[in-house]
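**Q** Sharing a model that was predicted from the sequence below.
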Amino acid sequence: MEQERDQERSMDISLKDLSKQLEDFAKVRNWEKYHSPRNLLLAMVGEVGELSEIFQWRGEVDKGLPNWEESDKEHLGEELSDVLLYLIRLADICGIDLGDAAAKKILKNSIKYPEPKTKREFI
Ligand SMILES: Nc1ccn([C@H]2C[C@H](O)[C@@H](COP(=O)(O)OP(=O)(O)OP(=O)(O)O)O2)c(=O)n1
């Protein structure tokens with residue numbers, strides 16, 4: 001049982017896997033015609049709005065969401081996923097390798113914002 005759980009944990013799904021699943025999802029429903037770059041962008045922005053609604057009027061929220069109901073956390077996971085899935089699909093439809101682009105961007109960020117060399121700089 002514990003071994004199975006360990007195996008599950010180690011099977012991290014990749015952006016490419018998700019992208020393929022989204023492609024198949026659209027294909028079998030004949031929805032490819034709706035998945036244009038502009039439509040996907042607007043759908044993603046709509047989901048960002050739904051994500052924002054979860055935090056709206058709550059005031060500042062502690063990391064880890066310690067006082068949240070499990071159902072609210074589940075809802076948050078769903079809205080985060082909708083944003084991610086539309087983003088992945090948008091990148092795919094635009095011919096962008098999102099994993100590769102994101103890794104390159106992290107590298108670019110580290111050049112633009114170098115690590116602090118002294119303790120003083122760190123503060
Ligand atoms: N043309 C579509 C419609 C939906 N989806 C997928 C991607 C999202 O993960 C999810 C979005 O579904 P809904 O539009 O039903 O949005 P919600 O799940 O947020 O439902 P609701 O807005 O009722 O809360 O379904 C998709 O790929 N292409």
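**A** Structure received.

**Q** which parts of the protein sit against the ligand?
**A** Counting by Cβ under 6 Å from any ligand atom, the residues of the chain close to the ligand are 25, 31, 34, 50, 82, 85. Just so you know, the C-beta spots here come from the backbone N, C-alpha and C atoms, and that holds for glycine as well.

**Q** and the residue nearest in space to the middle of the chain, helix, strand or coil?
**A** Centroid-nearest residue in the chain, with Cα atoms, centre = their mean: residue 84, separated by 3.4 Å. Three-state assignment for residue 84 (DSSP: H, G, I helix; E, B strand; the rest coil): helix.

**Q** give me every residue that touches the closest residue to it other than its chain neighbours.
**A** Setting aside the residues directly before and after it, residue 84 is nearest to residue 18 in space (Cβ to Cβ, 6 or more residues apart in numbering), at 7.7 Å. Going by Cβ atoms under 8 Å, 6 or more residues apart in numbering, residue 18 touches 84, 85, 88.

**Q** mind listing the helices for the chain?
**A** With DSSP state H as the criterion, the chain has helices at 2-10, 15-28, 37-55, 70-93, 98-112, 119-122.

**Q** Can you list the helices and strands that the fifth one packs against?
**A** Where contact means 3 or more Cβ pairs under 8 Å, 6 or more residues apart in numbering; DSSP states H and E, helix 98-112 is packed against helix 15-28, helix 70-93.

**Q** Determine which stretch of the ones you listed is the most buried.
**A** helix 70-93 (a mean of 16; mean count of other Cβ atoms under 10 Å).

**Q** Now tabulate the contacts of residue 18 in TSV and tack on pLDDT.
**A** Formatted as TSV, the contacts of residue 18 follow (pLDDT from 0 to 100):
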residue	pLDDT
84	98
85	98
88	98
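
**Q** of all those residues, which comes closest to the ligand?
**A** The ligand lies nearest to residue 85 out of these, by Cβ to the nearest ligand atom, at 4.3 Å.

**Q** With that, I have no additional questions.
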